[in-house]
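# I would like the atomic coordinates for the input below:
(2 chains)
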Amino acid sequence: MKKIITVLLIISMTLAFTACGGQDEEVITMGFVPMRDGDTLIESVEPLTDLLSEELGVEVKGFTATNYVGVVEGLGSGQVDFGFIPPLAYVLANQESDAEVVLTSLNRNGEAFYRSQFLVREDSDIEDFQDVIGKTVGFVDPSSTSGYLFPGAFLVTEGIDLERDIQYIYSGGHDQSLQLLLNGDIDVAVTFVDARERYSQDFPDAMDRTRLLGYTDDIPNISVTVSGSMEEERRGQIQEALLTIAEREDGKELLQELFNMHGFVPATDADYEVIRTTAEIMNIDLRAEN
Amino acid sequence: MLLIFIGYRVEFSLGRMLAGLPGMADLFRRMAHPNFSYMGEVFEKIAETVEIAILSSLTGVMLAIPVALLTSENISPNLYLSKILNAVFAFFRTIPSLIWAAILVSIFSIGKFPGMIALSIIAFLMSLKLFREYIESINENQLNSTRSVGASSLEVLRYCVLPNMMGMAVSVFFIVFETNIRSATVLGLVGAGGIGQIMWRDLNHLRYDNLATIILMLFATILLIDALSFMVRKFLQEYSPKIRSLEHYRKRKILKSMLLPLIFAGLVVGIINSLNITLERMAVGFRQGSQIVFRMLQVDFSYYPRLFEGIFESLMIAVFATVVGGFFAIIFSFFAAYNLAPGKLVSVGMKGLINVMRTFPPIIMAIIFFRGVGPGPLAGALALSIYTTGVLTKMYSEVLENMPENVRDSVLVTGATRLEAYRHGIFPQTFANFVSLLLYRMESNIRNSAILGIIGAGGIGTALTMNINWRNWERVGLLLLGVSIMIILIDRLSNYLRHKVK
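Sure, this is the predicted structure:
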């Protein structure tokens, strides 16, 4: 009996020690939070970190997460050096800890922004946004930039009071919004632009049975954000390295195929100001006391 | 001695990791100012969650009782039937609640109802396991003596098994109820409403002041449930009716026979109330739900490298958390059990501490560790260790409290201190129970580690949630298969160890 416990303890001890080890040499930690509305399922960032290690001459370790909170907190405490994070996550990281955006990715049209769409059923009586009043709208979830923040603010600027004029639910995913729309549970769905194409295997008749009501305003693309505690020189190096990789033949191909990123442009905080103003329209109090 | 020595080393290295990192303290500081104006909204959501949890726990427990009779090997009408059923339910038990919710949302749309069904399923599977283990532990003599007086198997059920189970049902209900309240926070992820929804919103907006309010109120809720459970159990134990007349006895009998149907009727009304969809809609949903299941069955085996990587990491996280949790639970239980602790106050204080440890959602704990030790499995493992310590201490200290006084006293009488009595008398005596609890935690930790993957704390969870988001059901199928096989293997192993220890 005692042996079992001893063995288990030894296992745990080695675990604890291996986790502690390796702190002596410099390692750059990169967090990657794929946007749920991106085009590619990103599971391994190793190809990218390999290229980055090569460019920077320092080992880069990467990890992925589906939710950004961990990465934002990691950037805040300096445990994560830089990360690919969604626009709203950048604004939060910046307000919390002076983390700073250095790059924005480009989509396949070479744009640094994207949009999301409002869908209704083909036979719906909703012709313009005024008709949305009195209907049920499906948002994705309160933390989604393209599935809640921007479309919500768009409706508000159209003169619709979200609490009084419409009913809304959070579906939990762009796919689920589409599904709920098809099933008649909601009247308006908000999804990223290619949702109907991407989920065509699940909902083959989505194209025929739904129609487009309109688009939201432009949303800045995924950001490359560096930790506030990183020295100026290193920030420049990372920015430079990513730009170089996007220029290199092999790097370009890799970024396009695995990450659906078609290059980067340098970005500043001002490019993401639109997120803050939109959050304000939506009454999301991002500036809570810290 | 060796044990303690190694423990010291682990603690030491952990201590060093924690000490040098003010980042974590910073997060705690931000959580130290709960937003009290937010309590109204939280209260509403907690009430919703409690309602869902009560309904689903009742449904689960009531469904589990008859099925448990079929699956328990000692009283089942057919041994093969029980074996097959057990295998099926063992597989179902390994399915993370997130997957249940994903399938159910597609069938029943968004809202209370799918959340309730998901929780009912979890409650059913959990109580089934508890009941079955209990029935199988009923002494064979007791069964045989009832049989020997010529009782048919139905009569054995009526007079020997069921009376034993009724008392058990109440405590199972409370265990399941508490678990359901906790699971509800996870289900909020997929739009199943309740406290989980606002918890995820506040987490995603980094509103730690609001989160602190939620956690505080969650803590109060769980304390209340604990107190309630204690009171109800005590009442049932000490309750002995005084019967004054035959008339009185008849009345009681009628009342008693009406109690169960009444609960049942209340349940049906409650379920119908939360059901807000048409039959037609349900048919559409079933079609889509079955499509998901069908695609999951077409397992994409080419995805195995990611599976092995994730499973290995999950396993490591679970082993680490279970071992560290187990170690601290041995120490903490001594101080938490009121019949052993150096003083009543120590015991109460310790119980408070472990309640905090097990109420604090592991995912938020993991984020705190993220700030401290950086991203990766270690943050997840540490977060789960804290949670495991809390749960295990609670369970084990209850075992200690329930053990007969004479075991402790017979060691104390030799002049040993309480600690020595614990170390040399009580701990060895209850070691089998402890190992059994520990292994049970291990299994649940693997499931828990799936959730931590969402924020990047390692394990199978990252791959699982990503593929659910992308509706890659064929890959979800493979991941699920892998997790199931691992959990079933651990289950086998733990059965083996349990028998060995006994």
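# so what's B:Thr430 up against?
B:Thr430 makes contact with B:396, B:399-400, B:403 under the criterion C-beta atoms under 8 Å, 6 or more residues apart in numbering or on different chains. For the C-beta atoms, the positions are set from N, CA and C on the backbone; glycine is no exception.
# could you single out the nearest of the residues you listed to chain A?
Nearest to chain A among the contacts of B:Thr430 is B:Tyr396, at 14.1 Å by C-beta to the nearest C-beta.
# the host helix or strand of that closest one and chain A in contact?
Using DSSP states H and E, B:Tyr396 sits within helix B:377-402. Yes: on the criterion C-beta under 8 Å from any C-beta of the partner chain, helix B:377-402 is in touch with chain A at B:377-379, B:381.
# A:Glu46 - how many residues pack around it?
Using other C-beta atoms under 10 Å in any protein chain shown, A:Glu46 is surrounded by 12 other residues.
# skipping its backbone neighbours, what lies nearest it in space?
A:Gly62 (6.8 Å; C-beta to C-beta, 6 or more residues apart in numbering or on different chains).
# A:Ile245 is in contact with A:Ser53, isn't it?
No: A:Ile245 is beyond contact range of A:Ser53, at 11.1 Å (criterion: C-beta atoms under 8 Å).
# neighbour count for those two, which is higher?
When A:Ile245 and A:Ser53 are compared on other C-beta under 10 Å, the one with more neighbours turns out to be A:Ile245, at 20 against 17.
# tell me the SS of the more buried one?
State at A:Ile245, reduced to three classes by DSSP: H, G, I helix; E, B strand; the rest coil: helix.
# all helices of the stretch 51-200 of chain A, in order?
Listed from the start of the chain, the stretch 51-200 of chain A has helices (DSSP state H, counting those that start in this stretch) covering A:69-77, A:87-97, A:150-157, A:174-183, A:195-198.
# the longest one and chain B, are they touching?
Yes: with C-beta under 8 Å from any C-beta as the measure, helix A:87-97 is seen reaching chain B through A:92, A:96.
# what packs against that helix?
Applying 3 or more C-beta pairs under 8 Å, 6 or more residues apart in numbering or on different chains; DSSP states H and E, we find helix A:87-97 packed against helix A:69-77, strand A:100-105, strand A:223-226, helix A:273-281.
# out of those, nearest to B:Arg441?
Closest approach to B:Arg441 among those is made by helix A:69-77 (23.9 Å; C-beta to C-beta).
# and the angle for the closest one with strand A:100-105?
Interaxial angle, helix A:69-77 versus strand A:100-105 (axes from the mean of the first three to the mean of the last three C-alpha atoms, to 10 degrees): 140 degrees.
# name the nearest of the residues of helix B:377-402 next to chain A relative to chain A.
Using C-beta to the nearest C-beta, the residues of helix B:377-402 next to chain A come closest to chain A at B:Leu378, 4.2 Å.
# count of neighbours near the closest one?
B:Leu378 - counted by other C-beta under 10 Å - has 25 other residues nearby.
# do the same with A:Lys61
18.
# pretty sure it is touching A:Leu48, no?
No: A:Lys61 lies out of contact with A:Leu48 (C-beta under 8 Å); the separation is 11.4 Å.
# how about the helices in the stretch 201-350 of chain B?
B:208-238, B:246-274, B:279-297, B:304-336, B:344-359.
# just the buried positions in the last one, please.
What that stands for is helix B:344-359. B:347, B:350-351, B:354-355, B:357-359 (16 or more other C-beta atoms under 10 Å in any protein chain shown).
# does the helix or strand that comes right after that helix reach chain A?
With elements assigned by DSSP H and E, the helix or strand that comes after helix B:344-359 is helix B:362-373. Yes: contact between helix B:362-373 and chain A is present through B:366-368, B:370-373 (criterion: C-beta under 8 Å from any C-beta).
# how much does helix B:362-373 deviate in direction from helix B:377-402?
Using the same axes, to 10 degrees: helix B:362-373 against helix B:377-402 is 130 degrees.
# model confidence over helix B:362-373, on average?
Regarding helix B:362-373, the rounded mean pLDDT is 84.
# which other residues reach it?
A:19, A:69-70, A:73-74, A:76-77, A:79, B:17-18, B:21, B:23-24, B:26-28, B:203, B:211, B:215, B:378-380, B:382-384, B:386-387, B:448, B:451-452, B:454-457.
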